[in-house]
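In: Structure, please.
(chains A and B)
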Amino acid sequence: MNAHWLGLVACLLLVLGSGCDGCNRPPEPVPFGKGRTDEPDPQSEPETKAEFTPKRGTVLDPGTRDLVVAGGRYTAPRGAIHLALRLDLDGDEDEDALLVVSHETALTLVAVKNDRGVLSTSNVGSFQMQEGCLYHEGSIEQVAPDNVVLGLQAKCPFGDASATAMITLVPSPRIRKKLWLEAPSEGSEPPLQLVASSVDRDEDGHLDLVVAVLGELTPPVELVWLNRPGGFSLVDDEPKTTLEGLFETGRSAKEADLLLDSAARLRALSSALCREASSPRLRVDEAPGIPCGRDYVGLAETLRVAALLEARRFDEAIQLDRELRDRGDRAIVAELDRAWGAVRSARIPLKRIADAPRDAALDEWTAGLGFDDEGGLILRGLLTQRFTFQGGEAKSEIILDRGLPITDLEGRFAVESVVRDCASVRARIIPLDPSTGAPRQGGLRREVEIAPPDEECERGASAPRTWEVLGWTPQGLVARNGARRRVIPLSIDAEPSGEPFELGDDEPLPSPIVGPHVTRDGSTVLDSVPGAVLLLREGAAPAVLRDESWGDSPTIRTAAISPDGKRIAIVVDAGLYVGSL
Amino acid sequence: MSFSRVSAALLLSAPLLVSGCGQASTHSTPCLSDTECQGARICHEGRCRYEAEVLAELGLAPDGGGDGSVAIVDGETSREGPYVLPSPTEQGFMGGPMHTGRSPHRGPETTPSVRFRVQTGGRIAASPVLGPDGTVYVGSLDRTFLAVSPDGKLRFRHRASGRIYGAAAVSESGTIFFGADDGFVTALNPLGQILWRKRVKGSIDAALTLDHDGRLYVAADGLFALDERGNEIFAYETASHIRSTPALHPEGLVLFGTPEGTVVALDLRGKLVWETAVGSSVVGSVSVTPEGTIVVGTSLGHVVALDALGREIFRVSTRGEIRATPAVALDGKILVGSYDQRIHGMNERGEVLFTTEVTGRVRSSIRIDAEGRGYFGAQDGLLYGLSPDGSILFRVNVGADVDSTPAIGADGTLYVGADDGALHALR
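Out: I've put the predicted structure just below:
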């Protein structure tokens, strides 16, 4: 692969050396402000490329420390000399040289000048490699009287790193543009490589820098810096165009494999190149990444959510969906909603039996929804209603129940609420009066940790929605966070009785379990997903439930399932719906 | 030696000689006085015997007759009678702490049919036990502990912190105790709620043993005794890990086998009474006959019988490793399965009465129903019924190897775990 890329460079340089169609034409005016500009630099006269023969530098034997150059002997103070380009740097017609020297993780470009028989050296610039990287190969070439292009490659623990630079020689050697693509930090990231060439892309008589980003899994991206009077300017249609193309390809894919493929390619490129990514591997003159305009890494993840939904891997999709929504990016949320909207869903006959309150009581209404052991639906608000169902009709009555939906088997304790902050996630447990189900007067509230602290939770920021209590079993509470389920052992007196532990993916829940979102035997669990309700059943494929009457983007506030699994209740926007399963 | 000394020696040893040449009894020890007899036994006619038995033979009322309780006086163990152990029960491994395998219930006479199966995610090596109301309790290697009603409904599913290899034990009040391989003993009420958890040293591979006082005996990296609240009564630590379920002896001994090839007897305070080498490691459990004979199988395939003092009475060889616990039939026959794919039946003197071939290695112990029929599983995927004479009554294909020992329900249902991870109920 490396030989192929070096060959590509050679071909590009041959093309360059063979002449330039536009070199003898007056340069067309190019509007300023296109792309981003670097610091101003004195504009030299257009190079007469047709009269110049590119000069390739020498690749030295490994371990070379001494070199006869510039009329004298240069000895690397530390490390080894890898590349040498013999040329006249100062116009005195004596041979000078540009050398690439490595020592440990530093690669240095050294100018060696013969100044009237005296050898003088100066550092032109350096490239700092990551720990564990070693110089592997490179090339240095004078492509024009005043331009040298340098390419370097290093071998690192999880792949290769590569660098490229455009060096101008007038008035003295100076690195004009430097790009460094770090190696992957772990084996899962795909390898990418930079290959640079110097071409007069805008035919203004000045050599521009064209850098191809090449990878086995990703389409080639061409980054172009135009050589302007004010400095090098990035033509900013890339990598945007390529990334948008990848995203649209993914968006239009129907099959999970194609979605995942597009997601992987988009992620590989955007995470490496874009400034919007958390840690791009590309550095341009020490600045991280290139502004891409959108969070393409996040958009790649929305394609992954779509792939998971297509594959009916709902638990993983829910987990990833929630992580992405917490970023607060509207474009990402819109894409997630779109993905959920495309999911094949089942329809069950639903009947609207009540209108939801429009004020703060909606939260209490939502939090207190649940079925009792007799199959009645309890709606807890300012007044508690109990719905019963006969012959397809729902009847309601006001009851005195002030209970809570998650209690222990004997009705002695209940989960009053879940507290989430950066310390931990805790269930607040209160003792009940078993005869009424109401909180016992004077009873001591206790908080039980159901999940450890979220490591990424920033102090002062609102904690993301994570763990919630699914239900109460004889051995304690069961908490869930997406596909993860955790058992918090409690004694019969609701005191911690052992270390909490997580259940494996296919492990059944402890049972019986009392909670509004799960059947008593633990075999069926409900979850609210964007625009629908997800029914997860042991030993069966998950089912997505939605109703046409809900509109395009309904807000599912909560859902409950009866202990025997025969009836379901859903609060959608402003209505309460009930149906039979 | 002078004639007079020889004569005295002969005279003194006469009872011994007479008793040794006369009676064929192999389960009472010779003696000259009561002080030579262990526990509550007396020296009668040159042999150590239980006082109550002697008085019964002589037609005399028992003198004082203790209630069988054990009293601790001034640090010394003092007994007013034999240590009373629960009658055969389904609430513990092998019918109770003596491990006779006897059940108070009648099992099937003919080939039973499957009534139900309850699936877990791991092999069931533990033997099911039954609660006072017939609820079936069994643990699995997937860390699940199940309570299943006699009609096959799941009462509760408890997710333990470790894998469960050994049978649980159920008290008269319905409290369920089980051990797991992370060393935790868990006590649950019949609803499945946690009463307490206690960690002992080492992993627990064996069943728990519960005596009538509510004392729990746990084998792990030693032998541990807990009260019904989980408080430690004693800890007898051993150098190696014990996989043998503790058995209880009417003499007030706690017995278990060791990987070093010994049988250890402790008193109820956890003090070593004796330790006898049996020739090779002991993985299965010790059983105790009603006469007090201690029987154990070894890794070399020997069935070894010891008396209450740890002295060998007999040794029978089989051709394969013995990992099962010997059962004691109603007529005193000792039955045990071996890795030689045979069931071996012998009398209390070690005389082999029958050898029945099966088609798989036998790891399961044999349960004896109220009519003397035997039930066991094998590593051929079959559950067997055995008539009292050792002939095969029936074979049922369970579909997976059966290492677990069956339990017998009051309605004759056999409950057994298998390598397919299911609890099988057949009647």
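
In: wait, residue B:225 sits on residue B:219?
Out: No - judged on CB atoms under 8 Å, residue B:225 makes no contact with residue B:219 at a distance of 10.8 Å. The C-beta positions use only the backbone N, C-alpha and C, and glycine is treated the same way.

In: More neighbours: the two, which one.
Out: residue B:219 (29 against 22; other CB atoms under 10 Å in any protein chain shown).

In: For residue A:65, see how far away residue A:370 is.
Out: For residue A:370, the distance to residue A:65 equals 79 Å [CB to CB, to the nearest Å].

In: Just give me the neighbour total for residue 152.
Out: In the absence of a named chain, chain A is used. By other CB under 10 Å, neighbour count at residue A:152 equals 25.

In: oops, chain B please
Out: 14.

In: tell me the contacts of the residue of the stretch 101-250 of chain B found nearest chain A?
Out: Nearest to chain A, among the residues of the stretch 101-250 of chain B, is residue B:192, at 3.3 Å (CB to the nearest CB). By CB atoms under 8 Å, 6 or more residues apart in numbering or on different chains, residue B:192 lies in contact with A:473-475, B:147, B:155-158.

In: again, only this time at 6 Å
Out: The contact partners of residue B:192, by CB atoms under 6 Å, 6 or more residues apart in numbering or on different chains, come to A:474, B:156, B:158.

In: Just say helix, strand or coil for the last one.
Out: Looking back up the chat, that one is residue B:158. Here residue B:158 is recorded as strand under DSSP: H, G, I helix; E, B strand; the rest coil.

In: Residue numbers of the stretch 101-250 of chain B in contact with chain A?
Out: Within the stretch 101-250 of chain B, the residues that sit near chain A (CB under 6 Å from any CB of the partner chain) are B:156-159, B:191-194, B:197.

In: Poorly predicted segments of the chain, please.
Out: All of this is about chain A. A:1-50, A:187-188, A:358-365, A:401-402, A:454-465 (pLDDT under 70).

In: think we crossed wires, I meant chain B
Out: Using pLDDT under 70, chain B drops low at B:1-30, B:38-41, B:48-84.

In: From residue A:174, how far off is residue A:487?
Out: 65 Å.

In: Neighbour count for these two, which is higher?
Out: residue A:487 (24 against 14).

In: mind listing the strands for the stretch 401-550 of chain A?
Out: Counting by DSSP state E, counting those that start in this stretch, the stretch 401-550 of chain A has these strands, from start to end: A:413-420, A:425-431, A:446-451, A:468-473, A:476-481, A:484-489, A:501-502, A:524-529, A:532-537, A:543-545.

In: swap in the stretch 201-350 of chain A?
Out: Going by DSSP E, counting those that start in this stretch, the stretch 201-350 of chain A shows strands at A:208-215, A:221-228, A:231-234, A:282-284, A:287-288, A:350-355.

In: Over to the stretch 1-150 of chain B?
Out: Taking DSSP E, counting those that start in this stretch as the test, the strands found in the stretch 1-150 of chain B are B:41-44, B:47-50, B:70-73, B:76-79, B:114-119, B:129-130, B:136-139, B:144-148.

In: and the longest one, what does it pack onto?
Out: Read that as strand B:114-119. Helices and strands touching strand B:114-119, by 3 or more CB pairs under 6 Å, 6 or more residues apart in numbering or on different chains; DSSP states H and E, are strand B:422-426.

In: Show me what the strand it packs on is packed up against.
Out: By 3+ CB pairs under 6 Å, 6+ apart, strand B:422-426 packs against strand B:114-119, strand B:414-417.

In: what angle separates it from strand B:114-119?
Out: If you take axes from the mean of the first three to the mean of the last three CA atoms, to 10 degrees, strand B:422-426 sits at 170 degrees to strand B:114-119.

In: Quickly run through the sheet partners of strand B:422-426, with directions.
Out: Applying DSSP bridges, strand B:422-426 is found paired with strand B:114-119 (antiparallel), strand B:414-417 (antiparallel).

In: Just name the most buried of those.
Out: strand B:414-417 (a mean of 28; mean count of other CB atoms under 10 Å in any protein chain shown).

In: tell me, how many neighbours does the closest residue to residue B:296 other than its chain neighbours end up with?
Out: In space, and not counting its chain neighbours, residue B:296 is closest to residue B:286: 4.8 Å by CB to CB, 6 or more residues apart in numbering or on different chains. By other CB under 10 Å, 30 other residues sit near residue B:286.
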